[in-house]
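Novice: coordinates only, sequence not included:
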C-alpha cells in the first residue's frame with residue numbers, strides 16, 4: 001500500500017502533466033517581487049493566479065484595441 005506522501009506525489013505529477021511552465025525574471029532592486037506578492041495577497045490570490053489573470057486581461061484588452 002502506498003503511503004500518503006507517495007499518493008500525493010503521484011497526484012501532483014498527474015496535475016503537472018496538464019500544465020506548462022513559464023519563468024520570468026524580475027529585477028531584485030526596486031521591490032517588484034514583493035509588490036506583486038503583496039498585491040496578490042491583498043486580493044486573496046496566489047501570485048500565480050494574479051499573474052495569469054493579469055496576462056489574460058492584458059491579452060483581451062490588446063485584442064479589443066483598448067489601451
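Specialist: Everything's here; your move. Predicted model only: the values in this text are computed from it and were never measured. Numbering: from 1, shown residues only.

Novice: how about residues contacting the worst-scoring helix or strand of the chain on mean pLDDT?
Specialist: Every helix and strand of the chain was ranked by mean pLDDT, DSSP states H and E. The lowest is helix 4-16, at a mean of 89. If you take C-beta atoms under 8 Å, 6 or more residues apart in numbering as the criterion, helix 4-16 is touched by residue 2. C-betas here are computed from N, CA, C, even on glycine.

Novice: after that helix, next one along is what?
Specialist: Remark: after helix 4-16, the chain's next helix or strand is helix 32-42, criterion DSSP states H and E.

Novice: and that following helix, what other elements does it pack with?
Specialist: helix 47-63 (3 or more C-beta pairs under 8 Å, 6 or more residues apart in numbering; DSSP states H and E).

Novice: tell me what the helix it packs on is packed against?
Specialist: Secondary-structure packing of helix 47-63 (3+ C-beta pairs under 8 Å, 6+ apart): helix 32-42.

Novice: quick one: average pLDDT of the helix it packs on?
Specialist: Mean pLDDT, computed over helix 32-42, is 97.

Novice: what residues sit buried inside that helix?
Specialist: residue 40 (16 or more other C-beta atoms under 10 Å).

Novice: starting at the chain centroid, how far to it?
Specialist: Computed by C-alpha atoms, centre = their mean, to the nearest Å, the chain-centroid distance of helix 32-42 equals 12 Å.

Novice: how far off helix 47-63 does it point, in degrees?
Specialist: Orientation check (axes from the mean of the first three to the mean of the last three C-alpha atoms, to 10 degrees): helix 32-42 against helix 47-63 gives 90 degrees.
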